[in-house]
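>>> Okay, here's the prediction I keep looking at, along with the sequence it came from:
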Amino acid sequence: MATVRVGGVEVAYQRVGHGPPLVFVHGAGVDGRMWLPQLAGLADEFTVVAWDEPGAGRSSDLPQGFRLADFAHCLAAVIEELALGPAQVAGLSWGGTVVLELYRHHPELVRTLILADTYAGWKGSLPPEEVAARVEGTRRMLAVPRERFDPTLPGLFAGDPPVAYVPLLDAMARDVRPETLGTQLFMMAEADERDLLPAVAVPVLLLWGELDVRSPLGVAYAFREAIPENDLVVIPGAGHVSNLEAPETFNRAVREFCHAHA
């Protein structure tokens, strides 16, 4: 692991391989370990980076008053620390919203965007009643005593979690900081990135699980209509965490897209 300090925040990231930079941004309630199949599968051609966002994994706790833009600035510092020029930047779920915010504030650091099973914020992608239900579910989850806290969100996989990754998922769940997860999910409820989408001036890959119920395909189609230059790849049989459910298909789509826009 390497680290970069942004203000008073220590941001940890893993870096493997050599070649053009390809940066992965994880979802809520996990950390950079969720990208292990991508770190292993794409390092033959790329400098593959997976960060632990502030408040997760081996990074510092979130400072008081941390905002979505602050996540973006910290991610920008990681890309600048690589000193390899603009990166191809991928985000899944909450990570995709962070990546869009990165593009809003630091477009010069982004060569392409890879948006996987994500949102333009919950407010920007989901019906109001669904957002309200998720906010209420988040409040209930955070209200239980720490010993009974379960950070597992419903509908992450099309079926049962992939057996090969159950130990990894359990390990990440044990390390979740409730304060971080609450901050992420409440930020998602208020985030609305729709104004940014028509202004995205880099190529975009939309990579979606066919059976994603947390960010249904309708969200992908809305992105497709709004973003000027994009490709949509649907992964058959996969749910919301498509990079773990179908890692070979996911990696192949990322590799082909990155080659096309090197």
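Yep, that arrived.

>>> rest of the way, CA atoms for contacts and neighbours
Fine.

>>> Give the helix, strand or coil label for residue 112.
Judged by DSSP: H, G, I helix; E, B strand; the rest coil, the three-state class of residue 112 is strand.

>>> mind listing what the nearest residue to it once chain neighbours are set aside touches?
In this structure, residue 112 finds its nearest non-sequential neighbour in residue 88, 4.7 Å apart by Cα to Cα, 6 or more residues apart in numbering. Applying Cα atoms under 8 Å, 6 or more residues apart in numbering, one finds that residue 88 lies in contact with 21-23, 110-114, 258.

>>> And residue 88, how close does it get to residue 233?
Note on residue 88: its distance to residue 233, by Cα to Cα, to the nearest Å, is 17 Å.

>>> what's the answer for residue 22, then?
Separation of residue 22 from residue 233 (Cα to Cα): 18 Å.

>>> Looking at these two, which one has more neighbours?
Taking other Cα atoms under 10 Å, residue 22 and residue 233 do not tie; residue 22 has more neighbours (29 against 18).

>>> Please settle this for me: is the more buried one part of a helix?
No - under three-state DSSP, residue 22 sits outside any helix and is assigned strand.

>>> can I assume it is in contact with residue 44?
No - using Cα atoms under 8 Å, residue 22 is not in contact with residue 44, being 11.8 Å away.

>>> How about the contacts made by the residue most central in space within the chain?
Nearest to the mean C-alpha position of the chain, by Cα atoms, centre = their mean, lies residue 95 at 2.1 Å. Going by Cα under 8 Å, 6+ apart, residue 95 touches 25-28, 118.

>>> So which of those residues is surrounded by the most neighbours?
Each of the contacts of residue 95 was scored for neighbours by other Cα under 10 Å, and residue 118 scores highest at 30 neighbours.

>>> which non-adjacent residue is nearest that residue?
residue 93 (3.9 Å).

>>> Would you mind listing where the chain has pLDDT under the threshold?
Across the chain, no stretch falls below the confidence threshold (pLDDT under 70).

>>> got the residue ranges for the strands in it?
Ranges of strands within the chain are 2-6, 9-16, 21-25, 47-52, 87-92, 110-116, 204-209, 230-235, based on DSSP state E.

>>> At which residues are the helices of this structure located?
36-42, 68-82, 94-105, 122-125, 128-143, 166-174, 178-190, 217-226, 242-245, 247-260 (DSSP state H).

>>> Please produce TSV containing the ones you listed, extended by distance to residue 58.
What follows is those, written out as TSV (distance: least, Cα to Cα, whole Å):
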stretch	distance to residue 58
helix 36-42	15
helix 68-82	14
helix 94-105	17
helix 122-125	27
helix 128-143	22
helix 166-174	11
helix 178-190	13
helix 217-226	32
helix 242-245	21
helix 247-260	24
